[in-house]
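A.B. asks: from the sequence below, what's the structure:
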Amino acid sequence: MDQPKESQGKDLRKTLKNRHIQLISLGGAIGTGLFYGSGESISLAGPAIIIAYLIGGLAIFMIVRAMSEMSVEDPKSGAFSYYATRYWSKRAGFVSGWNYWMNYVLVSMVELSVVGTFVNFWFPAIPAWVSAAFFLVVITAANLMGVSKFGEFEFWFAIIKIAAIVAMIIGGLAVVVMALPTANGLRASFANWFTVGGGFLPNGLMRHGANGQWTGLLMSLAVVMFSFGGTELIGITAGEASDPRRTIPKATNAIIWRILVFYILTLGVIMAVVPWNAIGKPNAQGMVVSPFVQIFDSVGVHAAAGILNFVCLTAVMSVYNSALYSNSRMLFSLARQGNAPKYLGKLSKGGVPYAGVLTSACIIALAVVVVFLWPQFAFNYLMSIATISAIINWSMIMVTEMLFRRAVARGEGPGDLAGKTGENALNALHFKLPFARVTPWAVLAFLAMIVVLMCFSSSYRVAVIAGPIWLIVLLVAYQLTQRRAQ
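C.D. replies: Below you'll find the model as predicted:
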C-alpha cells in the first residue's frame, strides 16, 4: 500500500462551516443542466424521466456516501486522489487526481465560453471573450482570498438558484391547484403526465425512432447521471471543514431530499403545466427556450427570460467558482503525494494553495481560447473526455471504498480506527456506506450499463471511444513522471 506524504508545515485552513458545505454540494448539483438541459432528458423519456432521476439519484447518493465514509474518518484535501493513493496505489492516485482535475478544466472551459451569451442578453455589444476574461479574473481573485470567502461566494450563488427553483415550484403548484388554463390550451394538472403525448412512458424502455435516434427511459439515464456531476464535491471540502464528522454526514444525507425537491418535484410541476412533448420545442418566435421560461410564460410572467438569464449567469459563475476551488485543492493534494510538481503544494499565509489556483486558472484560460478558435473541435471531442471522466471518477471512488474497508479490517485504518481489526473495526466507522458488501458492486454495474447505453447515442458515442484513450494517456504520463523522479 502506498502511503501519501503528509503535508509539511503549513496546511489548509479548516474554516468551512456547515452552511457553506450544505450549499456548496447543492450548488454543484444545480446548474445550467437543470435550467436548460432538462428539456433533452424529458424528450427522451417523457414523464417517466421522474423515474430516471430517482434511479440516478439513488446511484449518485451511494457514490457520495462511499466518498463521505472515507472523508469522515480521514478528512483530506483532494480526497479522491489521496484515498486512491493510500488504499490502492500511487498510480491510482495519479490517475484519479489528474482525471478529476482535467474534468473540471473542461467543464470550466465550456461554462466560461457560454458566459458571453448571457451577458449579451443585456449588453449585446460586449464581445464574448471580454465577458469570459472578466469572470475568470473575478472568480480567480475570490478563490485567492481564502476558503471562507469562497464558501460565501458559493453560498450566495446557490441561494439565487434555489430561489428561482422555489419560485417556479410555488407558481406552478398554484396553477395546478386552481386548475387554471395555460397558454398551451390545457388545464394544468398532474393528470397530464398520463394523458398527454402517449402517457407516462411514451417511448418505453428503449425505442429506435424513425430518425435513427434511440429514445426511452434507459436512454435518458445517461443524460440524467451527468446532470448530477458536482455532488461529489463534498469530499473535496472535507479537508477544510471545521467539523467534518458532523458537517459531512449532514450534507451527504441532505442530497437525497435535494434530488427529490430540486429535480423530481421541479420537473414534475413543469410537466403538469406544460405538455411534456412541447418542452424543448421552438416557441412562436422559432426559438428553443428553457422549460423554466415556458412555465413562467404559461403562468403569465413574461419577464421569465430575463429572470432566467440572470439565474443562469449565476449558475455559470457558481460552476467555475467550484471548479477552481476543487482543482486547486486537487493539485495541492497531488503535489503533497509526489504526483505533481512540488510548487503546487505551496500555500499562502491565509492557507490558500495559490499556486494551484493560478495554474488552474491559466490552463482554463488557454482552454477557453481553444473554444473560441475551434468551437466544433472543443465541444465534440474535448467535452467527450469530460463526459467519460465523470464515470471514471465515480468508478474509482467505489473501488477505493472497497479497498479502504479492507485496510480498516486489517487494522490499517486512519485515526482512532488504527489497531482495530475485523468487524470491530468496520463497526467503529462513524458514517457507514449502506449495504457496503453489495452497494459498490451494484453501483459499478450500473455505471457499466450507462457506458453501454452511451454507445447507442450519437452524442455520447465519442465519449466511449475517448475514455480508454484518455486512461492510456494518464497511465503513460504516470510512467514518464516516475522515470523523471528516479
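A.B. asks: run through the strands of the stretch 201-350 of the chain in chain order.
C.D. replies: 207-208, 214-215 (DSSP state E, counting those that start in this stretch).
A.B. asks: got the buried residues for stretch 419-430?
C.D. replies: 420, 425-426, 429-430 (16 or more other CB atoms under 10 Å). No exception for glycine: its C-beta is placed from N, CA and C like everyone else's.
A.B. asks: repeat that for stretch 349-364.
C.D. replies: Buried, per 16+ other CB under 10 Å, within stretch 349-364: 351-361, 363-364.
A.B. asks: output those as JSON lines; include the columns distance to Val473 and secondary structure.
C.D. replies: Below are the buried residues of stretch 349-364 laid out as JSON lines (distance: CB to CB, whole Å; DSSP: H, G, I helix; E, B strand; the rest coil):
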{"residue": "Gly351", "distance to Val473": "33", "secondary structure": "coil"}
{"residue": "Val352", "distance to Val473": "30", "secondary structure": "coil"}
{"residue": "Pro353", "distance to Val473": "25", "secondary structure": "coil"}
{"residue": "Tyr354", "distance to Val473": "28", "secondary structure": "helix"}
{"residue": "Ala355", "distance to Val473": "24", "secondary structure": "helix"}
{"residue": "Gly356", "distance to Val473": "21", "secondary structure": "helix"}
{"residue": "Val357", "distance to Val473": "25", "secondary structure": "helix"}
{"residue": "Leu358", "distance to Val473": "24", "secondary structure": "helix"}
{"residue": "Thr359", "distance to Val473": "19", "secondary structure": "helix"}
{"residue": "Ser360", "distance to Val473": "19", "secondary structure": "helix"}
{"residue": "Ala361", "distance to Val473": "23", "secondary structure": "helix"}
{"residue": "Ile363", "distance to Val473": "16", "secondary structure": "helix"}
{"residue": "Ile364", "distance to Val473": "19", "secondary structure": "helix"}
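A.B. asks: could I get those as CSV with pLDDT and distance to Lys161?
C.D. replies: Formatted as CSV, the buried residues of stretch 349-364 follow (pLDDT from 0 to 100; distance: CB to CB, whole Å):
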residue, pLDDT, distance to Lys161
Gly351, 80, 28
Val352, 84, 25
Pro353, 87, 27
Tyr354, 89, 28
Ala355, 91, 31
Gly356, 90, 26
Val357, 91, 24
Leu358, 93, 28
Thr359, 93, 28
Ser360, 91, 23
Ala361, 91, 23
Ile363, 90, 27
Ile364, 86, 22
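A.B. asks: need the contact list for Ile42.
C.D. replies: If you count contacts by CB atoms under 8 Å, 6 or more residues apart in numbering, Ile42 has them with 49, 267, 270-271, 276, 279-280, 291.
A.B. asks: highest mean neighbour count out of the strands of the stretch 201-350 of the chain?
C.D. replies: strand 214-215 (a mean of 19; mean count of other CB atoms under 10 Å).
A.B. asks: could you give the mean pLDDT of it?
C.D. replies: On average, the pLDDT along strand 214-215 is 90.
A.B. asks: who's in contact with it?
C.D. replies: 43-45, 203, 206-209, 456-457.
A.B. asks: what about 10 Å?
C.D. replies: 43-46, 202-204, 206-209, 453, 455-458 (CB atoms under 10 Å, 6 or more residues apart in numbering).
A.B. asks: drop anything exposed from those residues.
C.D. replies: Applying 16+ other CB under 10 Å to these flags 43-46, 202-203, 453, 456-457 as buried.
A.B. asks: hey, where'd the strands end up in the stretch 1-150 of the chain?
C.D. replies: Going by DSSP E, counting those that start in this stretch, the stretch 1-150 of the chain shows no strands.
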